[in-house]
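> Just a sequence and a predicted model for now, questions to come.
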Amino acid sequence: MTLKAVLFDLYGTLVNIKTDEHDPEVYRTLSQFLAYNRVYVEPDELYRSYMGKIKIQLSKSRLEFPDIDALKIFTTIVHEYGAGRMETRLPLYTARLFRGLTRKVFDPFPGIYPMLERLREQYPMALVSDAQRCYTEPEIELLKLSRFFEHVFLSSDYGFRKPEPRYFQSALKALGVKPSEAVYVGDNPYRDLWGAKRAGMKMVLVRSDEREYEGFVPDAYIDNIADLEGALEGFKAGR
């Protein structure tokens, strides 16, 4: 195999993250913050409004694998419950505070930095993640990951998410490689394995109890993302 590019999932693959968007304390704190900015909404109503707007966004999409735009949701909430003029960037700050409050675990997996450092000397790399730009862009910077990737693709920019083949194809086009020349690395058999395979790519599955989806199996499986280089060397050697 001629390997010319490596594409990565972010959350669950390079970064260990757990969030809880149903925690009542999140909405109590967010409600208090908004009140200081002349947006008056009780915590329970804020929760119902946020969850309801997610459903509305998804139901209006005609795409097979739709994604939401969280920033638009918080923009709508701020305007619905706001009283008078407010700061232009308030929806963005509200969205980021929400993310910070819902995040319970947030750490890079061990060994990713030296591994990515070595790989970027050999291949162009891209992130292709089901994620919200308003949250993920600062999180990538916080973890000092941006230097490794020539391109970052986030599903909120497109309105659709993995396993949509067009999502992977957009990244391949940006990198200037054919599907057969690229490998996708991810942890989710449905979104990552199925999506990458339908886009015509090789696939490395990381830390998953399920090892196949819809008849597709990964080209390599690893328990530790830091062991990725061995799998890629196996591809180049034709193993």
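That came through, no problem.

> Which pLDDT value belongs to Arg239?
pLDDT recorded at Arg239 is 57.

> domain assignment for this protein?
According to the domain assignment given by automatic domain parsing, the chain is divided into the following structural domains: 5-17+107-236, 19-104.

> So for the last one, mean pLDDT?
Averaging the model's pLDDT scores along domain 19-104 yields 97.

> circling back: out of the domains of the chain, which is the most enclosed?
Ranked by average neighbour count under the criterion mean count of other CB atoms under 10 Å, the domains of the chain are headed by domain 5-17+107-236 at a mean of 18. C-beta: built from backbone N, CA, C; applies to glycine.

> what about that one, how long is it end to end?
Distance across domain 5-17+107-236, first residue to last, is 12 Å (CA to CA, to the nearest Å).

> ok now do the residue of the chain positioned farthest from its centre, which residues does it touch?
No residue in the chain has its C-alpha farther from the mean C-alpha position than Gly84, which lies at 34.6 Å (CA atoms, centre = their mean). Counting by CB atoms under 8 Å, 6 or more residues apart in numbering, Gly84 makes contact with Arg38.

> which other helices and strands contact the longest helix seen in the chain?
Within the chain, and with DSSP state H defining each element, the longest helix by residue count is helix 43-60. Using 3 or more CB pairs under 8 Å, 6 or more residues apart in numbering; DSSP states H and E as the contact test, the elements touching helix 43-60 are helix 24-35, helix 70-81.

> The first one to helix 70-81, inter-axis angle?
Going by axes from the mean of the first three to the mean of the last three CA atoms, to 10 degrees, helix 24-35 is angled at 60 degrees with respect to helix 70-81.

> So which elements touch helix 24-35?
Looks like helix 24-35 contacts helix 43-60, helix 90-102 (3+ CB pairs under 8 Å, 6+ apart).

> With just CA atoms, put the shortest one into CSV.
Coordinates of the C-alpha atoms in helix 90-102 are reproduced here as CSV (Å, rounded to 0.1, in the frame of the first residue of the first chain):
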residue,chain,number,x,y,z
LEU,A,90,-22.6,36.4,24.5
PRO,A,91,-23.9,33.3,22.6
LEU,A,92,-20.3,32.1,22.0
TYR,A,93,-19.3,32.7,25.6
THR,A,94,-22.5,30.9,26.8
ALA,A,95,-21.8,27.9,24.5
ARG,A,96,-18.2,27.6,25.8
LEU,A,97,-19.2,28.0,29.4
PHE,A,98,-21.8,25.2,28.8
ARG,A,99,-19.1,23.0,27.4
GLY,A,100,-16.8,23.6,30.3
LEU,A,101,-19.6,22.8,32.8
THR,A,102,-20.6,19.6,31.1
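
> now that helix and helix 24-35, what's the angle there?
Helix 90-102 and helix 24-35 meet at an angle of 150 degrees, taking the same axes, to 10 degrees as the criterion.

> what residues does the next helix or strand after helix 90-102 touch?
Proceeding C-terminally, helix 90-102 gives way to strand 103-108 as the next helix or strand, assigned by DSSP states H and E. The contact list for strand 103-108, computed with CB under 8 Å, 6+ apart, reads 14-20, 139, 143, 145.

> mind listing which of these are in strands?
When DSSP state E is applied, the contacts of strand 103-108 are split such that 15-19 fall in strands.

> Put together a markdown table for those, with distance to Lys236 on each row.
Conversion of the ones in strands among the contacts of strand 103-108 to a markdown table gives the following (distance: CB to CB, whole Å):
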| residue | distance to Lys236 |
| --- | --- |
| Val15 | 27 |
| Asn16 | 29 |
| Ile17 | 31 |
| Lys18 | 35 |
| Thr19 | 37 |
